[in-house]
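Student: how would this look folded up:
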Amino acid sequence: GKRAKPSRGIKQRSRAMANFASPAELARLRDHEKVLVYGENTSRVTKALWMLEETGVPYERVVKPTTEFRTSPDYLRLNPKGTVPTAVFPGDDGPPLVLNESNTITSYVASKYSPGVLYPASPEQVATGWQWLEWGESSVQPTLAPVWIGLTRGDGYPPGRGNQLQVDRDPGGSGSPARVNGVAIADMMCVWAALEAHLAAGERRFILGDNFTFADVTAGIHANRLF
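Tutor: Numbers count the residues shown, from 1 in each chain. Modelled structure (predicted):
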């Protein structure tokens, strides 16, 4: 399928619903024809939207600040964790399917709506894809987020918790940031070097080869923040 930049997916196809689902709305989800995606425009929500865009699956959005989701009884009925994103998929012959981890949603959308293309056919390729999805969250996100939020928003990390921005400048005199919110720029780039080595070793354009797949989404979302 065609590749869409995450920002385009957010702007062109999403339609925000005005309010949270009421108890009556929750009961009506069984007959809802579109995927519902809950969450504001965080990197993890954008991953789910990107994959929905790639597959052309129609969806609607419920957009509120994450702090409001965490305290909404209606939302907590869908996702007791209180995290975002949450996606509600129409049931084929039964109740709707509710998923609430970004990598899980990304994988499910690719496997259901683009098997053999965005989601590989072989177990080996699937396992390799999941390896890099997890790497994006376990290795990239912890080193990139504090730096990105600090330099683009001028905020401490985690945001919204009263932490002050911390920037240590290069002692060599260049004045460029060397450490932001406790994360060294060099350490952040060292993490990305692992992906560069993987791509170079197989002369790959994408993580699994010559074609874009679900495996590229987590790294792609975070790489987009570097430019």
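Student: Could you verify my assumption that Phe69 touches Gly82?
Tutor: Yes: if you go by Cβ atoms under 8 Å, Phe69 and Gly82 touch, sitting 6.3 Å apart. C-betas here are computed from N, CA, C, even on glycine.
Student: Looking at these two, which one has more neighbours?
Tutor: More crowded of Phe69 and Gly82, by other Cβ atoms under 10 Å: Phe69, with 24 against 16.
Student: So which bits of the strand or helix carrying that one are buried?
Tutor: Here Phe69 sits within helix 66-71, counting by DSSP states H and E. Across helix 66-71, burial judged by 16 or more other Cβ atoms under 10 Å covers 66, 69.
Student: coming back round to it: can you list residues touching both of Phe69 and Gly82?
Tutor: Residues touching both Phe69 and Gly82 (Cβ atoms under 8 Å, 6 or more residues apart in numbering): Tyr75.
Student: ok, Asp216 touching Arg205?
Tutor: No: counting by Cβ under 8 Å, Arg205 is not a contact partner of Asp216; they are 9.7 Å apart.
Student: Pick out whichever of these two has more residues nearby.
Tutor: Per other Cβ under 10 Å, whichever of Asp216 and Arg205 has more neighbours is Asp216, with 22 against 12.
Student: Contacts only, for the more buried one.
Tutor: Asp216 touches 132, 206-208, counting by Cβ under 8 Å, 6+ apart.
Student: Which of those ranks first by neighbour count?
Tutor: Ile207 (26 neighbours).
Student: State the three-state secondary structure for Val98.
Tutor: Counting by DSSP: H, G, I helix; E, B strand; the rest coil, the backbone at Val98 sits in strand.
Student: what bridges to it?
Tutor: Per DSSP bridges, the residues bridged to Val98 are Val88.
Student: give me the number of residues near it?
Tutor: 15.
Student: Lowest-scoring secondary structure element of this protein by mean pLDDT?
Tutor: strand 16-17 (a mean of 39; mean pLDDT, DSSP states H and E).
Student: returning to that earlier point: got the contacts of Asp216 as TSV, with distance to Thr86 and pLDDT columns?
Tutor: Below are these laid out as TSV (distance: Cβ to Cβ, whole Å; pLDDT from 0 to 100):
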residue	distance to Thr86	pLDDT
Trp132	24	97
Phe206	28	97
Ile207	26	97
Leu208	27	97
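Student: Among those, which lie within helices?
Tutor: Taking DSSP state H as the definition of helices, the contacts of Asp216 contribute Trp132.
Student: export the contacts of Asp216 to a markdown table and tack on distance to Asp155?
Tutor: Listed next are the contacts of Asp216 as a markdown table, based on distance: Cβ to Cβ, whole Å:
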| residue | distance to Asp155 |
| --- | --- |
| Trp132 | 29 |
| Phe206 | 33 |
| Ile207 | 31 |
| Leu208 | 35 |
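Student: Okay, and Ala194 sits in which element?
Tutor: helix 185-201.
Student: Let's check: the centremost residue of this protein is which one?
Tutor: Residue closest to the average C-alpha location in the chain (Cα atoms, centre = their mean): Arg44, at 2.4 Å.
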